[in-house]
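*Asks:* this one's structure only:
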């Protein structure tokens, strides 16, 4: 494979490396005694991996403040920078970095402790599972029906 890949190829390569790193961490959790009794662990880990990589904007293997901000906005609960900082501290246990790495993310999602981010993500999953939106194209509207 040529080493002077550009654009899409380089991005694809980066994403592939990131996915394999996350997969290794998932494997650690699968072998961990603490999580042995967790129901549907492989499926949960796969879902967490996908959700995590969606918001790891810089592909460094961690969700930074902007990634978290984007995640919250996408979920319909925008947060201030102060709230985001508190959420990061809540997940990481107050480390010096302002990022959430994948291990902290998985630990939070599988753990018993309740974190704001976990509540939002769990709520979003439930909301997506039981979608109450009508299917198909939106109904046609004319100008007079607009507010």
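*Replies:* Perfect, I can see it now. All figures in this text were calculated on a predicted structure; none of them were measured in a lab.
*Asks:* quick one: contacts of the longest helix anywhere in the chain?
*Replies:* Under DSSP state H, the helix in the chain containing the largest number of residues is helix 7-31. Contacts with helix 7-31, where a contact means Cβ atoms under 8 Å, 6 or more residues apart in numbering, come from 5, 35, 41-42, 45-46, 48-49, 52-53, 56, 59, 61, 102-103, 106, 110. Every C-beta, even on glycine, is put in place using the N, C-alpha and C of the backbone.
*Asks:* what's the average pLDDT for that helix?
*Replies:* The average pLDDT within helix 7-31 is 80.
*Asks:* Helix or strand next in line after it, which one?
*Replies:* helix 41-55 (DSSP states H and E).
*Asks:* any idea how far that following helix is from the chain center?
*Replies:* Distance, stretch centre to chain centre, for helix 41-55: 7 Å (Cα atoms, centre = their mean, to the nearest Å).
*Asks:* which helices and strands does it pack with?
*Replies:* Packed against helix 41-55 by the contact rule (3 or more Cβ pairs under 8 Å, 6 or more residues apart in numbering; DSSP states H and E) you find helix 7-31, helix 65-74, helix 102-110.
*Asks:* on that earlier part again, could you list the buried residues of the longest helix of the chain?
*Replies:* Of the residues in helix 7-31, 18, 22, 25-26, 29 count as buried by neighbour count, 16 or more other Cβ atoms under 10 Å.
*Asks:* do the same with stretch 57-68
*Replies:* Here stretch 57-68 shows 61-64, 67-68 as buried, counting by 16+ other Cβ under 10 Å.
*Asks:* Dump those residues to a markdown table, plus distance to residue 89.
*Replies:* Listed next are these as a markdown table, based on distance: Cβ to Cβ, whole Å:
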| residue | distance to residue 89 |
| --- | --- |
| 61 | 19 |
| 62 | 14 |
| 63 | 14 |
| 64 | 14 |
| 67 | 16 |
| 68 | 12 |
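*Asks:* Identify the farthest-apart pair in the residues you listed.
*Replies:* Spatial extent of the buried residues of stretch 57-68 (Cβ to Cβ) is set by the pair 61 and 68 at 14.6 Å.
*Asks:* re the thing from before, narrow the contacts of helix 7-31 to those that are buried.
*Replies:* 35, 41, 45, 48-49, 52-53, 56, 61, 102, 106, 110.
*Asks:* now the longest helix of the chain, how far from the chain's geometric center?
*Replies:* 14 Å.
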